[in-house]
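>>> Here is the input, now give the coordinates:
(one chain, ligands or ions: 1)
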Amino acid sequence: MSILVVGSVFFDSLQTPHGTVERTLGGAATYFSVAASFFAPVRMVATVGEDFPQEEIDFLTERKVDLSGLEIRPGRTGSWKGRYHDDMNQRDTLDLDLGVFSDFKPQLGDDHKKAQYVFLANIDPRLQESVLDQLAAPGIIGCDTMNHWIAEARPELERLLGRVGLLVINDEEARQLSGETNIVRAARRLLKLGPKRILIKRGEYGVIQFSADSVFAVPAFPLEVVFDPTGAGDTFAGGLMGEIARSGALTEATLRRAIVYGSVMASFVVEDFGLGRLRTLTKEDIQKRFRQFVSLTDINPA
Ligand code: AMP
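Next up, the predicted model:
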């Protein structure tokens with residue numbers, strides 16, 4: 001079962017306490033697609049400029065990411081420059097040049113419209129909704145958002161949330177959107193907006209998922225060095241949706257496994273700059289860390 005993702009494909013210039021990198025491939029849709037591609041076929045809908053390198057097209061194609069929805073337009077690919085503090089939960093945007101992404105209007109082809117597994121990465125909620133309007137018979141829809149849209153487009157975002165099943169959001173955004181500081185109360189509020197499940201990302205503390213009748217939490221994988229946290233949330237979402245699509249059903253057991261796979265993928269991506277670690281990752285690496293993850297919270301070891 002293939003997954004459709006709509007979002008940004010950017011070049012990132014990154015400064016972390018461990019070093020700097022200039023114009024490496026990034027963007028939410030990119031992280032999501034590469035992570036999800038380890039689990040299921042992915043179709044990406046995004047836009048880049050004519051400066052987008054053929055070698056990155058080749059890389060995504062080799063990862064079996066369908067790029068028929070990647071529009072190449074005259075102009076520049078979007079770029080983002082960010083600097084992380086010593087506490088890498090904190091970062092500053094130093095520069096943002098949206099390039100051709102500034103007038104991105106997602107257009108789905110006939111194959112895209114039939115998608116059953118859809119992830120709306122962080123873009124204007126009006127555009128996210130326009131994607132839903134184009135789908136023939138949407139199945140499982142996940143979405144992300146950010147502080148900017150919560151502040152600037154709250155009514156549109158709330159309308160969108162009435163139409164999505166899974167909201168993947170970080171703790172700060174969950175507090176901002178719900179108006180509640182306690183994360184449990186925040187999740188309860190957000191469930192009332194429509195999504196059946198709220199997945200709250202808490203950086204180095206892991207992920208906690210709330211539905212009307214269940215709560216499930218996993219820690220983050222304990223790593224000695226977090227090299228670059230860029231894209232960890234999108235990579236988590238890629239592993240999560242990838243495993244849901246691979247399983248073909250959204251049961252409680254599937255979802256719990258998918259949350260662990262999402263956490264596994266996020267734990268890899270932070271080990272190197274940008275997509276570096278995902279470029280060399282193998283399915284065996286993923287399975288090994290999945291087992292380590294499970295034993296991390298095993299209260300009945302053999
Ligand atoms: P995350 O670390 O999960 O917040 O995702 C970071 C990715 O989002 C980077 O690879 C950036 O290229 C991309 N990004 C940064 N700003 C924006 C924006 N305004 N719209 C869409 N994507 C962005």
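
>>> For the strand or helix carrying Asp133, name the packing helices and strands.
Using DSSP states H and E, Asp133 falls within helix 125-134. Secondary-structure packing of helix 125-134 (3 or more CB pairs under 8 Å, 6 or more residues apart in numbering; DSSP states H and E): strand 3-6, strand 117-120, helix 154-161. Just so you know, the C-beta spots here come from the backbone N, C-alpha and C atoms, and that holds for glycine as well.

>>> I'd like those as a markdown table, with mean pLDDT and distance to the ligand appended.
Formatted as a markdown table, the helices and strands packed on helix 125-134 follow (pLDDT from 0 to 100; distance: least, CB to the nearest ligand atom, whole Å):
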| stretch | mean pLDDT | distance to the ligand |
| --- | --- | --- |
| strand 3-6 | 98 | 11 |
| strand 117-120 | 98 | 12 |
| helix 154-161 | 98 | 15 |
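
>>> mind putting those in a markdown table, mean neighbour count included?
Compiled in a markdown table, those are given as follows (neighbours: other CB atoms under 10 Å):
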| stretch | mean neighbour count |
| --- | --- |
| strand 3-6 | 29 |
| strand 117-120 | 28 |
| helix 154-161 | 17 |
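
>>> Run through the helices of this structure in chain order.
Using DSSP state H, the helices of the chain run over 28-36, 54-62, 110-113, 125-134, 147-152, 154-161, 171-178, 183-192, 232-247, 252-269, 276-280, 283-296.

>>> for these, which one ends up most surrounded?
Of all the helices of the chain, helix 28-36 carries the top mean neighbour count, a mean of 30, counting by mean count of other CB atoms under 10 Å.

>>> Packing partners of that one?
strand 3-6, strand 42-49, helix 54-62, helix 232-247, helix 252-269, helix 276-280.

>>> what's the burial count for the residue nearest to Ala187 when sequence neighbours are not counted?
Nearest residue to Ala187, sequence neighbours excluded (CB to CB, 6 or more residues apart in numbering): Phe210, at 3.8 Å. Residue crowding around Phe210 was assessed by other CB atoms under 10 Å; the count is 24.

>>> Check what pLDDT Phe210 gets.
Note for Phe210: predicted pLDDT of 98.

>>> tell me the contacts of it?
By CB atoms under 8 Å, 6 or more residues apart in numbering, the contact list for Phe210 reads 184, 187-188, 191, 197-198, 200.

>>> Quickly list what it is bridged to.
Assessed by DSSP bridges, Phe210 has beta-bridge partners Ile198, Val215.

>>> Next one: it from the ligand, what distance?
For Phe210, the distance to the ligand (CB to the nearest ligand atom, to the nearest Å) stands at 21 Å.

>>> Understood, closing this out.
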